[in-house]
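Student: I'd like to go over a predicted model; first the sequence, then the structure.
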Amino acid sequence: MIMNKYIYTALLSFILLSACKNATTSTTVVATATDTVEKDMHTLSNADSITLKHLDMDIKVDFDQKKISGKATWTIDNNNKLNNLKLDTYDLTVDSVFVNGKKVNAILDSPIKYMGSALNIPVEVGSTEVTIFYKTGKNATALQWLDPQQTHAKKYPFLYTQSESVYARSWLPCADGPGIRYTYTARVSVPKGALALMSAENPKQVNDSGIYHFKMDLPIPAYLMALAVGHIDFKAIDNRTGVYAEPGMIDKARYEFDGVGKMVNAAEKLYGPYRWGRYDMLVLPPGFPIGGMENPRLTFCTPTIIAGDRSLVSLIAHELAHSWSGNLVTNATWNDFWLNEGFTDYFERRIMESIEGKDYADMLWELGYQDLVTNVNELGKDNKDTWLKINLDGRDADDGFSDIPYEKGSHFLKLIEINVGREKFDAFLKKYFDEHAFKTINTENFLSYLNANLIKGDSTLAKKLDISAWVYGPGIPANCPRAGNVRFAKVDAQNGKFLKGTPPAQLDTTGWSSNEWQQFLRKMPDSITREQMKQLDGTFHFTQIGNSEIADLWFVMAIRAGYEPAYTAMEQFLGSVGRRKFIEPLYAAMMKTPNGKEMAKRLYAKYRMNYHPLAQASLDKEIK
Ligand SMILES: [Zn+2]
C-alpha cells in the first residue's frame, strides 16, 4: 500500500497505543504494520512488479572521450506478466535493446527533474533477458573524470563513480532505488597500464590485457554500484583487509589504516559476522567530494583522512559499519535515510569505543551533538527536514543529506540504549541485522519491529523514549542524551585560560588527540583577534598542520579574524582538497566580507576544475 505522512502518524499512534496495552495485543499490531510498503518516489522503474535478478555488464572506459559504452544485460522474472519494463536512465544514449535475443523498439521518455528518463522496454510473459547497448553522456552525475594533473602522481587520468543517492542511472540503465537488490558480474575494458576496481571481488594488480572481470554474488542496490579506474597499487593489511591507492600514496595509506583489521574484528564482536568476504579501501585522488562511500567490499575514501598519525580513522569505522547498516539492511527509500546513517554513526562510535575506550567515544558523540545543534539552527528548529522520517517526494533525493539522519538518528539509538541497557540493546541490534540481512526496511516497519522486540508493550519505557518526537517531530527532543565530558572538560579549561590571557605555551595540551584539538578550536569565540591567532600559531603551528579537520577549522578562523599569515597555506588546502565538508565552509566564510568575496571569487576560478560536479553545483550558487 502507498503511505502518506498522515497514515504514518496514524500507524505510529496505533503502535504507541498498543505499547500501553499488553504484549499479546502488540503482536497483532506487528502483523498489520509489517505489511506497510511505501512507494519509492525517486525511481521511475517498475522493478517492484518485474523482478531484476542479475546484471551482467560489458563496458569500455574511454578516457579520451570521457565516456563509458557497452551493454548491460538484465536477467528478469516477469512473474506479473507485464508488457513493459521500465528502467531508470540519466543522460544515457540508448543505441539498441534486445529482449531474449530479439531486437525491440524501446522508448526513452522525456527527462523529469531530479529523476532522468524512463526507458520503456516491451517485454512478454516469457521474457527472461534484456540487453541494452548504451553510452554515458557529458552530464553523467556519477562519473568524475580526472585529468592527470588532478591526481596525486599527475601522470595518468583517473575515473571514479559516486552512485549514491540516485546517480547509478547516469552510468548504467537500472532500477535505481535502494529497495531493489540484484547480483552482478562485469567485464570492464580499460587503457593498458590502468587497474579497474568495483564494489565486487577485485584484482590486486594490473594485467597486460586491460580487461578485468568482476563478480558480486550478494544482492546489492544500484546506489552501491561502483567503479574506479586509474594507476593504482594494492597493499595487504591482513588476510582479509587491504588498501588501494595511487603508487605515491600507497605507503602512507597502508600506515594510516594499519588498525583496520582490528576494527573489522571489533565490529563482528558487536553485531555478528562480516558477510562480504574481503574489506578493502581505495584512497581516491583529492577531488573526491565526500569523506567516504561504503561501496561493498571496497570503501572509497578521501585522502584527507591520511593525517600521518592515524588520528582520523573513525571515518573508516563509519564506512565499515555500513557493511551491516545500509549495505546489509537497507533503507527502503531516501525518506528513511536515517535507518542507514543514524545506525551507522551509532555503530561507528561503538567500534571506536571498543578500540579507544569510552572517554574517546564520548568526544565523538559530543562533536556529533554540536554538529546536530548547528544543523538544526541552520535548517530552523521547526523545519520538517529535521524530522527523522522526512518527505522528499518531488524533491532532489540529496536534499535529505544533512546532519539530521546521522546525528539525530544516532542520538535516538543512544537514548534507547540508555533506557533499556546496553546488553539488551546489543542483542536487539544483532537480531535486527540478522533477521533483515539483504533486505530493505522503512521507518514504520522498523518502529513496529522495535515495539515487538524491545519495547514489548512497556508503556513507561515508551513514554520515556517519546518516539514520535524523534521520528515525526522537529528539532532536538528534550530527552536527547549527552555524552560524558571527561576529556573535553580539560580542553575547555585550557581554552578558558587562554582567553583570559595565559600564553599558549603554558597551556596543558599533553596527550591531546585530534578530537581535543577540534574542541579547542571550535570553542574559540568569533571575536578572536589577529594577535591571539598569532600567539596560537606561534606555539601550535596550526597553519602548517597536516590534519585536515583541524586545518579546516583553523582556516575558517583565519578568514574571520583576517589572519593573513595563514592565507597561503589555506590556498594550498583549497587547491588540493575537494571534500565538500571542508571547502564549502571556507568559501562561505570568505563570502561574508567584501575583501573575502574577492578572494573567494579568485580562488574558486582557479580551483573549480579540481572539484567534483556536485561540489561545483553547490559552490556555483554560493560564489557570485
Ligand atoms: Zn554513512
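Tutor: Okay, I see it. Please read all numbers here as calculations on a predicted model, not as lab measurements.
Student: longest helix of this protein?
Tutor: In terms of residue count, the longest helix belonging to the chain (DSSP state H) is helix 358-379.
Student: tell me which other helices or strands that helix touches.
Tutor: helix 337-356, helix 403, helix 409-420, helix 486-499, helix 514-522 (3 or more Cβ pairs under 8 Å, 6 or more residues apart in numbering; DSSP states H and E). Quick note: C-beta positions are derived from backbone N, CA and C, even for glycine.
Student: which one of these has the most crowded surroundings?
Tutor: Of the helices and strands packed on helix 358-379, the one with the most neighbours on average (mean count of other Cβ atoms under 10 Å) is helix 337-356, at a mean of 24.
Student: where do the helices sit along the stretch 401-550 of the chain?
Tutor: 403, 409-420, 422-435, 443-450, 459-465, 467-471, 486-499, 514-522, 530-540, 548-561 (DSSP state H, counting those that start in this stretch).
Student: can you put those in CSV and add distance to Ala397 and mean pLDDT?
Tutor: Converted to CSV, the helices of the stretch 401-550 of the chain look like this (distance: least, Cβ to Cβ, whole Å; pLDDT from 0 to 100):
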stretch, distance to Ala397, mean pLDDT
helix 403, 17, 97
helix 409-420, 17, 98
helix 422-435, 25, 98
helix 443-450, 16, 98
helix 459-465, 29, 98
helix 467-471, 20, 98
helix 486-499, 35, 98
helix 514-522, 30, 98
helix 530-540, 41, 98
helix 548-561, 27, 97
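Student: among those helices, which is nearest the ion?
Tutor: Of all those, it is helix 409-420 that lies closest to the ion, at 10.4 Å by Cβ to the ion.
Student: close to the ion, is that closest one?
Tutor: No: with Cβ under 5 Å from the ion as the criterion, the ion is not reached by helix 409-420; the gap is at least 10.4 Å.
Student: okay, that helix in CSV with CA atoms only?
Tutor: In CSV, the C-alpha atoms belonging to helix 409-420 read as follows (Å, rounded to 0.1, in the frame of the first residue of the first chain):
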residue,chain,number,x,y,z
GLY,A,409,19.4,9.2,14.3
SER,A,410,22.4,8.0,16.3
HIS,A,411,21.3,10.0,19.4
PHE,A,412,17.9,8.4,19.2
LEU,A,413,19.5,5.0,19.3
LYS,A,414,21.8,6.0,22.1
LEU,A,415,18.7,7.1,24.0
ILE,A,416,17.1,3.7,23.6
GLU,A,417,20.4,2.0,24.7
ILE,A,418,20.5,4.1,27.9
ASN,A,419,16.9,3.3,28.7
VAL,A,420,16.9,-0.5,28.0
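Student: tell me what it is packed against?
Tutor: Going by 3+ Cβ pairs under 8 Å, 6+ apart, helix 409-420 lies up against helix 337-356, helix 358-379, helix 422-435, helix 459-465, helix 467-471.
Student: most tightly surrounded among those helices?
Tutor: The most buried one of these (mean count of other Cβ under 10 Å) is helix 337-356, showing a mean of 24.
Student: how far off helix 422-435 does it point, in degrees?
Tutor: For helix 337-356 and helix 422-435, the angle between their directions (axes from the mean of the first three to the mean of the last three Cα atoms, to 10 degrees) works out to 130 degrees.
Student: name the nearest residue to the residue of the stretch 501-624 of the chain found nearest the ion, sequence neighbours excluded.
Tutor: The nearest approach of the stretch 501-624 of the chain to the ion comes at Lys581, 12.5 Å away (Cβ to the ion). Counting by Cβ to Cβ, 6 or more residues apart in numbering, the nearest residue to Lys581 once its immediate chain neighbours are dropped is Gly291, at 6.6 Å.
Student: would you confirm that that neighbour contacts Ser314?
Tutor: No: using Cβ atoms under 8 Å, Gly291 is not in contact with Ser314; the gap is 10.1 Å.
Student: same drill for the two, tell me which one is more crowded.
Tutor: Ser314 (22 against 19; other Cβ atoms under 10 Å).
Student: sorry, back to before: put together CSV for the helices and strands packed on helix 409-420, with distance to the ion on each row.
Tutor: Formatted as CSV, the helices and strands packed on helix 409-420 follow (distance: least, Cβ to the ion, whole Å):
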stretch, distance to the ion
helix 337-356, 5
helix 358-379, 12
helix 422-435, 16
helix 459-465, 24
helix 467-471, 19
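Student: out of those helices, nearest to Lys497?
Tutor: helix 358-379 (19.7 Å; Cβ to Cβ).
Student: other residues contacting that closest one?
Tutor: Identification of contacts with helix 358-379 by Cβ atoms under 8 Å, 6 or more residues apart in numbering yields 314, 345, 348-350, 352-353, 385-386, 402-404, 406-408, 410-411, 414, 475-476, 480, 482-488, 513, 515-516, 518-519, 522.
Student: what's the angle from that helix to helix 486-499?
Tutor: Angle of helix 358-379 versus helix 486-499, following the same axes, to 10 degrees, is 70 degrees.
Student: contact partners for the residue in the stretch 1-150 of the chain that the ion sits nearest to?
Tutor: Relative to the ion, the nearest point of the stretch 1-150 of the chain is Ala142 (17.4 Å; Cβ to the ion). With contact set as Cβ under 8 Å, 6+ apart, Ala142 has these partners: 161-163, 167-168, 170-171.
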